[in-house]
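>>> Dropping a prediction and its sequence here:
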Amino acid sequence: MSNSLFLICPTDCLESTINQAFKHENYFYTSLGNSFDSDRKTLNSLMELIQNHGIRNICFVLSNDNRIILDALEGHSFSGFRGLELFYHEIMMQKRTSDISWQTTDHQFAVLSYYLNKRIKELRLLLYNSFLDSIEIYGQIYDRSTNAFVDIYSDLICIEKYSLN
């Protein structure tokens, strides 16, 4: 297995859990709710890390009980933190979309899947035309109750718009 970069939220405290589950060389980039800025400086740092350490996998990971996501869905206690206003708005939009398009009791998993799929698309676009063509970018949700990493819903399933004709 090749080296991996995990994009995680510091409130999840998943570093040791990831190191136990994925027995290869792991690197971590943390940002609240995986809402990192995609400015040129950040992207250059990520590309340098990827090149210098032979990273072939990039995985966005959030726990199913992520404090930032739960707060965005329910309480808005952290909404005053710098940069989280747009993030909160995005989570609420994806919650409304999942409420309309999903017949499931696990809306939180659907919201997390929508959000992580969007982050994956953004990162692919940002890294397009670089040396990173052969890097796999994917997302997983850590379920604390089962102590397992679960693949997010496919981007093909997570539609962004829902309309009836």
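Nice, thanks for sending it over.
>>> what secondary structure does Tyr24 sit in?
Small correction: residue 24 is His, not Tyr. Per DSSP: H, G, I helix; E, B strand; the rest coil, the secondary structure class of His24 is coil.
>>> correct me, but it touches Ser4?
Yes - between His24 and Ser4 there is a contact at 6.5 Å, judged by CB atoms under 8 Å. Heads up, the C-betas are built off the backbone N, CA and C, glycines and all.
>>> More neighbours: the two, which one.
Ser4 (20 against 11; other CB atoms under 10 Å).
>>> Which positions in the helix or strand containing that one come out as buried?
Element membership for Ser4, per DSSP states H and E: strand 3-8. By neighbour count on 16 or more other CB atoms under 10 Å, the buried set for strand 3-8 is Ser4, Leu5, Phe6, Leu7, Ile8.
>>> for the second one, what are its contacts?
If I follow you right, that is Leu5. When contacts are counted by CB atoms under 8 Å, 6 or more residues apart in numbering, Leu5 is found next to Asn26, Tyr27, Phe28, Tyr29, Leu46, Leu49, Ile50, Ile55, Asn57, Ile58, Cys59.
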